[in-house]
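quick check, what structure comes out for this input:
(one chain, ligands or ions: 1)
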Amino acid sequence: MKPRTLITGAAGFIGSNLAHFLLERGEEVYGLDDLSTGSRGNVEDLEKNSGFHFETGSILDEEPLKRLVGTVNSVYHLAAAVGVKYILQRPFESLETNVEGTRNVLRCALLYRKRVLVTSSSEVYGKNPRMPLSEEDDRVLGPTQSSRWSYSGAKALDEFMALAAHRTRGLDVRIARLFNVVGPGQTGRYGMVLPTFVSQALEGRPITVYGDGSQTRTFCHVQDAVEALYAMMQSEKAAGEIINVGGGEEITIRGLAERVKKMLASDSPVSVVSYREAYGEGFDDMPRRVPSLEKAARLLDWRPQRTLDDAIRDTADFISSRKEIT
Ligand code: UDP
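Prediction:
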């Protein structure tokens, strides 16, 4: 019998890419998404495949979560409120989804004894200046008055819950800490930098670099991320483990703006926007973010294969093709 897999957040950027990947491997894929930040467009192609079963629904509701978890062999839990801007605009709803939603998924997995992969985030490390960031490193966070840190708090609670379910109740769980995943399927609507820069460059609008642009990120192509998630799900060694999933090339945000502009042969000017204008008063950005990928290589024999240029090109192709449809 084909493996049956549930993806929560299947209409999201990473979820829909993962669904394509699992279908290619002959899995029967069940997708659940409330379409809050995910989009119907992301599942349109998937729905042409008879192995894909999509439902619109929330992880905050017991039904259909219970029924779906009961049906499948394993669960990729990707449903979450994501994007710095989205979370700053809806802090309460984001916390509910990211804490209560994960608790519901873990409860169902405990009930039916199913394997779960929980997706967490590099935000968990906060502003720890130690680079590269290893899975055992400290969390360094700002005050609770700043909503920016609520996402980090929620994702850390998810990890605590998952680890507790593993240690005290034997749940077969594994946790991926994702670092700035980019590529086709991602939109700039929720503030993510790469699709925003690509859209601006394609349309000849100013490329908006926040702060002085010296902050760095290490972007991971979604195809690499999906392969890492799959390897984690298959691996017995990953049970009860937290593993960083990220890219290998650190770049400043100003450098990214210049790279996008050059690759897309764009005339867009690069314009500097203050953090206050971009996110409001009191915003605290991470000056650097680089993952240690040593554990992923050791436990999973996984290393990122795609370059940042691949990600820029694939994102531009995706955004251009969507424009032709709409
Ligand atoms: N950023 C930017 N211009 C934009 C959107 C984001 O300069 O139009 C910056 C943002 O301030 C941050 C970096 O790009 O320093 C990455 O932002 P993103 O929201 O993609 O991810 P995260 O902040 O979660 O790393």
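
alpha carbons only for contacts and neighbour counts from here, please
Noted.

which parts of this protein are helices?
13-24, 40-44, 62-71, 84-89, 91-95, 102-112, 148-169, 193-203, 222-234, 253-263, 275-279, 294-300, 308-325 (DSSP state H).

which non-adjacent residue is nearest Glu241?
Excluding the flanking residues, the one nearest Glu241 by Cα to Cα, 6 or more residues apart in numbering is Arg174, at 5.3 Å.

what about the closest residue to Leu141 other than its chain neighbours, distance to the ligand?
Nearest residue to Leu141 in three dimensions, chain neighbours excluded: Gly126, at 5.1 Å (Cα to Cα, 6+ apart). Distance, Gly126 to the ligand, by Cα to the nearest ligand atom, to the nearest Å: 10 Å.

can you get me a residue count around Gly126?
21 (other Cα atoms under 10 Å).

list the contacts of the nearest residue to Gly12 once chain neighbours are set aside.
Spatially, and ignoring its direct neighbours in sequence, Gly12 is nearest to Gly38 (4.0 Å; Cα to Cα, 6+ apart). Contact partners of Gly38, counting by Cα atoms under 8 Å, 6 or more residues apart in numbering, are Gly9, Ala10, Ala11, Gly12, Phe13.

OK, contacts around the residue nearest to Leu141?
Arg139, Val140, Leu141, Gly142, Trp149, Ser152, Met286.

let me see the backbone angles for the closest residue to Gly15 other than its chain neighbours.
Computed as Cα to Cα, 6+ apart, the closest residue to Gly15 that is not its neighbour in sequence is Gly9, at 5.6 Å. Per-residue torsions, Gly9: phi 80, psi 30 (degrees, to the nearest 10).

burial of Gly9, as a residue count?
Gly9 has 29 nearby residues by other Cα under 10 Å.

pull up the residues of the stretch 201-326 of the chain that are close to the ligand.
Thr208, Val209, Tyr210, Gln215, Ile253, Asp285 (Cα under 6 Å from any ligand atom).

list buried residues within those residues.
Among these, those buried by neighbour count (16 or more other Cα atoms under 10 Å) are Thr208, Val209, Tyr210, Gln215, Ile253.

please narrow these to those residing in strands.
Thr208, Val209, Tyr210 (DSSP state E).

beta-bridge partners for the first one, please?
Judged by DSSP bridges, the bridge partners of Thr208 are Ser271.

ok, it touching Val273?
Yes: if you go by Cα atoms under 8 Å, Thr208 and Val273 touch, sitting 6.2 Å apart.

residues near the residue nearest to Glu241, how many?
27.

dump the residue contacts of it.
Contacts of Arg174 by Cα under 8 Å, 6+ apart are Val116, Leu117, Val118, Ala162, Met232, Met233, Ala238, Ala239, Gly240, Glu241, Ile242.

need those residues in CSV (columns: distance to Leu308 and neighbour count).
Shown next, in CSV, are the contacts of Arg174 (distance: Cα to Cα, whole Å; neighbours: other Cα atoms under 10 Å):
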residue, distance to Leu308, neighbour count
Val116, 30, 25
Leu117, 26, 25
Val118, 25, 25
Ala162, 32, 26
Met232, 23, 25
Met233, 25, 23
Ala238, 27, 21
Ala239, 30, 20
Gly240, 31, 20
Glu241, 27, 17
Ile242, 25, 23
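
show only the entries of these found in strands.
Those of those lying in strands (DSSP E): Val116, Leu117, Val118, Ile242.

tell me which of those is nearest to the ligand?
Val118 (18.0 Å; Cα to the nearest ligand atom).

my guess is that closest one contacts Leu78. True?
Yes: Val118 is in contact with Leu78 according to Cα under 8 Å; the separation is 6.9 Å.

returning to what we had before: now for the buried ones among the residues of the stretch 201-326 of the chain next to the ligand, which pair is the farthest apart?
Pairwise distances across those (Cα to Cα) peak at 13.7 Å, for the pair Thr208 and Gln215.

list the contacts of Glu55.
Tyr30, Gly31, Leu32, Asp33.

how does it look with 6 Å?
Counting by Cα atoms under 6 Å, 6 or more residues apart in numbering, Glu55 touches Leu32.

does it have beta-bridge partners, and which?
Leu32.

do the same with Pro291
Bridge pairing for Pro291 - DSSP bridges - gives Leu133.

next, count neighbours for it.
24.

and what of Gln89?
Around Gln89 there are 12 residues (other Cα under 10 Å).

what about it, distance to Asp317?
Relative to Asp317, Gln89 is positioned 29 Å away (Cα to Cα, to the nearest Å).

for this protein, what helix or strand is lowest in average pLDDT?
One helix or strand of the chain scores below all others by mean pLDDT, DSSP states H and E: helix 84-89, with a mean of 86.

picking up where we left off before, how close does the residue nearest to Glu241 get to Asn104?
Distance from Arg174 to Asn104, by Cα to Cα: 16 Å.

Val272 - nearest residue in space that isn't next to it in sequence?
Going by Cα to Cα, 6+ apart, Val272 has Val209 as its nearest residue, at 4.9 Å.
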